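[1] Return a 3D structure for these sequence lines:
(2 chains)
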Amino acid sequence: MTGIIVASGNLANPVMARSQMGFSLGWHIILACFGVGMPALVVFVEWRGIRTGDPSYRLLARRWAKVLGVLFAVGAVSGTILSFEMGVLWSGLMDHYGAVIGLPFAIEGFAFFIEAIFLGIYLYGWDRLSPRTHLLSGIPIVVAGIASAFFVVSANAWMNSPTGYTVRDGRLVGVDPWAAMFNSATGPETTHMIISAFMVTGFGVASVYAVAMLRGRHDRYHRIGLLVPLTMASVLAPIQFVVGDWAARYVAKDQPVKLAAMEGLAHGRNGAPESIGGYFSGGQLHDAIRLPDGLSLLTHFRPNAYVAGLDQVPPALRPPVTVVHLAFDSMVGIGSALLLLAAWLGYAWWRHRDLPTSRWFLRAVAVSGVGAVVAMEAGWITTEVGRQPWIVYGVLKVAAAVNPEPGLGYGLYAVIVVYAALTVATVYVLRRMTQSTPVPMAPQESDVAAVKVV
Amino acid sequence: MTYANALLAVMWLAVTAYALLAGADFGAGIWDLLAGSSKRGASQRSLIEHSIGPVWEANHVWLIFVLVIMWTAFPPLFAAVSSTLYIPLTLIALGVIARGSAFAFRKVVSELWQRRLFGAVFAFSSVVTPFFLGATAGAVASGRVPPGIGRGDSMTSWTGPVSILAGCFAVVVCGYLAAVYLTADARRAGDSSLTELFRRRALGSGVVVGAVAAAGLVVVHGNAPRLYDGLSGKALPLVIVSVAAGLASIGLLVLRRFTAVRVSAALAVTAVLWAWGVAQYPHLLLPGLTVASAAAPHATLTVTTGCVIVGMLVLLPSLGWLFVLFQRTPGRAADATGSGE
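    Next up, the predicted model:
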């Protein structure tokens, strides 16, 4: 591995390009989640603030809007590099199939534009618009954010289920851009991602207030700051389980090799077990916990159903199994833990209309934000690494799509250096924002208005 | 007019919008860099922050828009340009990241050393990024990017004389546009000393832009004869418009017509971009990649055109509201009174 990275000439371009793309996309997706999920939270608390006049809601709206401004800016610029990388790294993909998958990107361009415009109006227009108009100007941000996520992920879905084009003599002769956009992976993949964006936002924001409450700040402001996002995430957690099952069923049907890698299933068989944990080596999964017939039951509802293994394709066409299997298990494991946390909140609220009193509940919420991010990243690792060696499943290999120019690999180092600085600066600035202006003991109207959004 | 030509025109309009709007953002960053010590430059930096704060994110989406239209409608063009020119393009992307995030961070931190650090990153990347954008344009214009994936030389393609000159041209044009826009913003904010300062800078940078443009014609004549033929042939009317608008802008600045000079300065820059486009049309890349041969299959072009029309119907009114909202009310007065709630 080290040898490959040192020799960043042509031969290593696929490895380096995949690392760069994975790194910059994996970084951006965290910010993108907040860009999709957070506008809804801000608009909701602003609406509650206008309806009730409660200063806690009004203060939260302004604080969250300010944080959203920073997160959106960093998300916007870290997303820009991805458009460049589509060509800089994957020239072969865009040359062959740009005409097929370009449409969702073009529409996403508009959605993102709308998002940026209304975010500018919303953040900078707080004191220039009537409360009602200002609230309404937040709605296009919510809608455009969700739309952006849908269109971008539908392009990724096409790479899993390529449809909507005709190739004759190696040349693209016909395209049906709508069929390409609404391929069979689009439904489960986009739904799964949009919900996870809201869950990352919900658990992420709630965890900030859980930390504050653990430090003894139990006022109404902090309780609402925890309860509103946590409720959003908790309502979605069970829905995400159903959608995740839908996505897995799609993978079983359209990408059986990926499913075999996710489950570490070497050989196709009837009554396939569900394997949890372990590592894959020498064509076998070792040290895994096995639930007999579990996989057959999950995918086909029959204990004796046949599930195809990795051996359905030659070894050169199989993804690295251990990474995919463990990433999948991590996602499901963390998702289950988040579901339990949601159930805990739901039970306490049902019994006595209050948060659970245990400090362990606050501790669990405090780590749930990081947990949701890890689960979301693990999901992306599962689907992206699980598609290897293909960039377009069954059609185009990664090695054939990469830009062959010499020295391309150095881009990875440049990106790592810039992103390291960006990470440090982002974390530092966000921490400063939570510390620099303490919450007034008894928030009055004037305190709320004094919080300048930008 | 074919769909391919229509989408090419849309793409070029987006390039123009990016140059005029984001160009001014970059230029504001350049003036931020040259504003002097923290104390002396404070009022300039504050004006700059107020002018570009609400609009910079929207301004920069034009670039993404150019890229997605290019790879959807003209995939071989996008593949060839981005593979051969991966070095300047990666640097542009990193420059955009450094610039945008540093600008956002500077707004929310309060201590001087933090503002200095983020300000320096913002200002430095505001100079570097347009240089590489110009160098990229120069590489394509001088025919150093051949069709095909990674066929061109990853270094010499963008370090030729035309690229270097175009890079410098892009930087001074950004500074010029920003100075012109900021003059009017300063007057609306009622700050006469800043108005004079930026007026002088607009005049000075306007003269520099003219000089670099004249030098550019000489360099193009020697290094990109086909482009020169186009500029002195079918694109000549646009070249003349650009020169006339540039001279008119100097005159309007002298006469302190700050709103009119916004229009004439923008026209001068627009005419340069369209002169290049017309001079090169219908060739996208040399040798042999034309609009017709690079265009995507018919269905992609028609559907994309339809989506662009529908999208613009939503986009343009929204964008209009954004600009009107922050041009109408004097930004600093509204903040100072803390109006609203």
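[2] next helix or strand past the helix or strand hosting residue A:225?
    Per DSSP states H and E: residue A:225 is located in helix A:220-254. Counting by DSSP H and E, the element after helix A:220-254 in chain order, helix or strand, is helix A:256-263.
[3] other SSEs contacting the helix holding residue A:225?
    The contact analysis (3 or more C-beta pairs under 8 Å, 6 or more residues apart in numbering or on different chains; DSSP states H and E) places helix A:220-254 against helix A:13-52, helix A:55-88, helix A:186-214, helix A:256-263, helix A:294-300, helix A:321-352, helix A:359-385. C-beta here means a position set from N, CA and C on the backbone, and glycine is covered the same way.
[4] can you list the ones you listed in JSON lines and add mean pLDDT and distance to chain B?
    Output for those, formatted as JSON lines (pLDDT from 0 to 100; distance: least, C-beta to the nearest C-beta, whole Å):
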{"stretch": "helix A:13-52", "mean pLDDT": "93", "distance to chain B": "9"}
{"stretch": "helix A:55-88", "mean pLDDT": "90", "distance to chain B": "3"}
{"stretch": "helix A:186-214", "mean pLDDT": "95", "distance to chain B": "16"}
{"stretch": "helix A:256-263", "mean pLDDT": "94", "distance to chain B": "26"}
{"stretch": "helix A:294-300", "mean pLDDT": "89", "distance to chain B": "36"}
{"stretch": "helix A:321-352", "mean pLDDT": "95", "distance to chain B": "27"}
{"stretch": "helix A:359-385", "mean pLDDT": "96", "distance to chain B": "19"}
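[5] Out of those, the one nearest residue A:425 is which?
    Checking the helices and strands packed on helix A:220-254 against residue A:425 by C-beta to C-beta gives helix A:55-88 as the closest, at 8.8 Å.
[6] tell me the angle the closest one makes with helix A:220-254.
    30 degrees (axes from the mean of the first three to the mean of the last three C-alpha atoms, to 10 degrees).
[7] Can you list the buried residues in helix A:55-88?
    A:55-88 (16 or more other C-beta atoms under 10 Å in any protein chain shown).
[8] How many neighbouring residues does the nearest residue to residue A:233 once chain neighbours are set aside have?
    Spatial nearest neighbour of residue A:233, chain neighbours left out: residue A:202 (2.7 Å); criterion: C-beta to C-beta, 6 or more residues apart in numbering or on different chains. Neighbourhood size, residue A:202 [other C-beta atoms under 10 Å in any protein chain shown]: 29.
[9] Ok, the one 3 residues further on next?
    By the measure other C-beta under 10 Å, the count of residues near residue A:205 is 26.
[10] Same check on residue B:110?
    9.
[11] do residue A:193 as well
    Look at residue A:193: counted by other C-beta under 10 Å, it has 26 neighbours.
[12] how about the strands in the stretch 201-341 of chain B?
    Secondary structure of the stretch 201-341 of chain B (DSSP state E, counting those that start in this stretch): strands at B:283-285, B:289-290.
[13] For the longest one, name the packing helices and strands.
    When you say that, I think you mean strand B:283-285. Against strand B:283-285 (3+ C-beta pairs under 8 Å, 6+ apart) you get helix B:75-84, strand B:289-290, helix B:291-294.
[14] Now do the contacts for the residue nearest to residue B:116 when sequence neighbours are not counted.
    Nearest in space to residue B:116, with sequence neighbours left out and distances taken as C-beta to C-beta, 6+ apart, is residue B:38 at 6.4 Å. By C-beta atoms under 8 Å, 6 or more residues apart in numbering or on different chains, the contact list for residue B:38 reads B:112, B:115-116.
[15] between those residues, which is closest to chain A?
    Using C-beta to the nearest C-beta, residue B:115 is the member of these that lies nearest chain A, at 11.7 Å.
[16] Where does that closest one sit, in terms of helix or strand?
    Per DSSP H and E: helix B:112-141 holds residue B:115.
[17] buried ones in that helix?
    Going by neighbour count (16+ other C-beta under 10 Å), the buried part of helix B:112-141 is B:114-115, B:117-119, B:121-141.
[18] Quick one, grab the pLDDT at residue 96.
    I went with chain A, as the question did not name one. You'll see residue A:96 listed with a pLDDT of 90.
[19] Wait, chain B was what I had in mind.
    So residue B:96 comes in at 91 (pLDDT).
[20] From what I see, it and residue A:79 are in contact.
    No. Assessed by C-beta atoms under 8 Å, residue B:96 is found out of contact with residue A:79, at 10.0 Å.
[21] Include mean neighbour count, mean pLDDT and distance to chain A when you put the helices and strands packed on strand B:283-285 into TSV, please.
    Formatted as TSV, the helices and strands packed on strand B:283-285 follow (neighbours: other C-beta atoms under 10 Å in any protein chain shown; pLDDT from 0 to 100; distance: least, C-beta to the nearest C-beta, whole Å):
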stretch	mean neighbour count	mean pLDDT	distance to chain A
helix B:75-84	27	94	3
strand B:289-290	17	92	12
helix B:291-294	17	91	10
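[22] quick one, what contacts residue A:148?
    By C-beta under 8 Å, 6+ apart, the neighbours of residue A:148 are A:35-36, A:108, A:111-112, A:115.
[23] In JSON lines, list the residues you listed along with neighbour count.
    As requested, those are arranged in JSON lines below (neighbours: other C-beta atoms under 10 Å in any protein chain shown):
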{"residue": "A:35", "neighbour count": "28"}
{"residue": "A:36", "neighbour count": "27"}
{"residue": "A:108", "neighbour count": "24"}
{"residue": "A:111", "neighbour count": "24"}
{"residue": "A:112", "neighbour count": "27"}
{"residue": "A:115", "neighbour count": "27"}
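[24] In the stretch 201-341 of chain B, where is pLDDT below threshold?
    B:328-341 (pLDDT under 70).
[25] Relative to chain B, how far out is the spatially closest residue to residue A:16 that is not a sequence neighbour?
    Nearest residue to residue A:16, sequence neighbours excluded (C-beta to C-beta, 6+ apart): residue A:409, at 3.5 Å. Residue A:409 is 11 Å from chain B, where distance means C-beta to the nearest C-beta, to the nearest Å.
[26] Perfect, that will be all.
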